[in-house]
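Colleague: fold the following.
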Amino acid sequence: MAVIPGGCTSKLQPLDVAINKSFKSKVRDRYNNWMISNIHAFTSAGKIKRPSYSMATTWVKESWDEISEDLIQRSFKSCGISTNLDGSEDDCIGNHDSLLDRDNEMIENSDDSTDENYEEYAEKVDYENKWDIEVDRKEDQEEDNDKVYQNC
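Modeller: Numbering: from 1, shown residues only. Down below sits the predicted model:
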């Protein structure tokens, strides 16, 4: 395990520099679209069931696939990771502003304001009660088992 000194995240963690914000925004958009789609299963108590694990993993995969390889490479270069040893790419180090010009514009134009303080926001929000969702782990396991048997 490595300890990242305070204030060094932007220099040592390429995912935090450019990728995470865009990725989380894409996953969140898919979840929000699912919530407003009016196509939901309900529990016997009449509460909306949460998305299935397979649906959530599909959102993650699709969101990840939308992250460009170029953005990932530029993010690592910006942190000084995987730049040429001859110093020819040293001008890329710390150039975070230009990394996400297109992605930042899209994110800034969205109505989501939770990225900056997501952990604080997540602690305040009771998702199960906010959207009247009831999490039933046993039912999920049975659902997953049914899918396994159907695929055999």
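Colleague: which residues in this structure form strands?
Modeller: 48-49, 133-134 (DSSP state E).
Colleague: weakest of these by average pLDDT?
Modeller: Sorting the strands of the chain by mean pLDDT places strand 133-134 lowest, at a mean of 48.
Colleague: just checking, residue 15 touches residue 75?
Modeller: Yes: between residue 15 and residue 75 there is a contact under C-beta atoms under 8 Å: 7.2 Å. Where you see a C-beta, it was placed from the backbone N, CA and C, and this is true even at glycine.
Colleague: what about residue 53, neighbour count?
Modeller: When neighbours are counted by other C-beta atoms under 10 Å, residue 53 registers 13.
Colleague: for residue 60, see how far away it is.
Modeller: 10 Å (C-beta to C-beta, to the nearest Å).
Colleague: do you know how far residue 71 is from residue 20?
Modeller: In terms of C-beta to C-beta, residue 71 sits 11 Å off from residue 20.
Colleague: same thing with residue 1?
Modeller: 20 Å.
Colleague: over to residue 55?
Modeller: 21 Å.
Colleague: ok, residue 49 next?
Modeller: 28 Å.
Colleague: how about residue 6?
Modeller: Distance from residue 6 to residue 20, by C-beta to C-beta: 18 Å.
Colleague: what about the closest residue to residue 49 other than its chain neighbours, neighbour count?
Modeller: Spatial nearest neighbour of residue 49, excluding adjacent residues (C-beta to C-beta, 6 or more residues apart in numbering): residue 41 at 4.6 Å. By other C-beta under 10 Å, 11 other residues sit near residue 41.
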